[in-house]
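Visitor: Below is the structure, and that's it, no one-letter string:
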């Protein structure tokens, strides 16, 4: 079987296995195929040159907007994590069944959640995230 690469789909195909192979697909050797994936595993991207052959390229660093988006996702995750920790503690307090330790832990988690919520993600990647309660 031979490997094929399509610049149009940026995809690989196997002759004799794949039925719908794009017309721009070019045949590549086993060595090229495996070296491309080895390069991808080391952080490079598979792209194509002007002739449609697959090549490895360096990954561009993320843009400021991408870094802010990643930070906003992290912020949402941390708030969700805090909410999950707070819920059973709040239940214990609401029912008058909380221990002193649970009351103290609830306060720490709520303070943490407030701090995370107030974290400015526009400074990404230079963010000092609050320390999670233990």
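Guide: Received the coordinates, thanks. Since we're looking at a predicted model, the values are computed, not measured.

Visitor: In this protein, where's the longest helix?
Guide: Using DSSP state H, we find that the single longest helix of the chain is helix 64-94.

Visitor: Just list what the helix or strand that that helix is followed by packs against, helices and strands only.
Guide: Later in the chain than helix 64-94, the nearest helix or strand by DSSP states H and E is helix 100-117. Packing contacts for helix 100-117, counted by 3 or more CB pairs under 8 Å, 6 or more residues apart in numbering; DSSP states H and E, involve helix 64-94. C-betas here are computed from N, CA, C, even on glycine.

Visitor: Give me the mean pLDDT for the helix it packs on.
Guide: Mean per-residue pLDDT for helix 64-94: 98.

Visitor: buried stuff in that helix?
Guide: Judged by neighbour count using 16 or more other CB atoms under 10 Å, the buried positions of helix 64-94 are 67-68, 71, 74-75, 78-79, 82, 85-86, 89-90, 92.

Visitor: ok, residue 27 touching residue 4?
Guide: Yes - at 5.6 Å, residue 27 counts as touching residue 4 under the criterion of CB atoms under 8 Å.

Visitor: Have a look at those two and say which one is more surrounded.
Guide: residue 4 (20 against 12; other CB atoms under 10 Å).

Visitor: ok, now how distant is the more buried one from residue 21?
Guide: 6 Å (CB to CB, to the nearest Å).

Visitor: Give me the common contacts of the two.
Guide: The contact sets of residue 4 and residue 21 overlap at 13, 15 (CB atoms under 8 Å, 6 or more residues apart in numbering).

Visitor: just to revisit the earlier point, okay, and the common contacts of residue 27 and residue 4?
Guide: residue 15.

Visitor: Taking the centroid of the chain, which residue is nearest it?
Guide: residue 70 (7.8 Å; CA atoms, centre = their mean).

Visitor: wait, that one sits on residue 62?
Guide: Yes - using CB under 8 Å, residue 70 makes contact with residue 62 at a distance of 7.2 Å.
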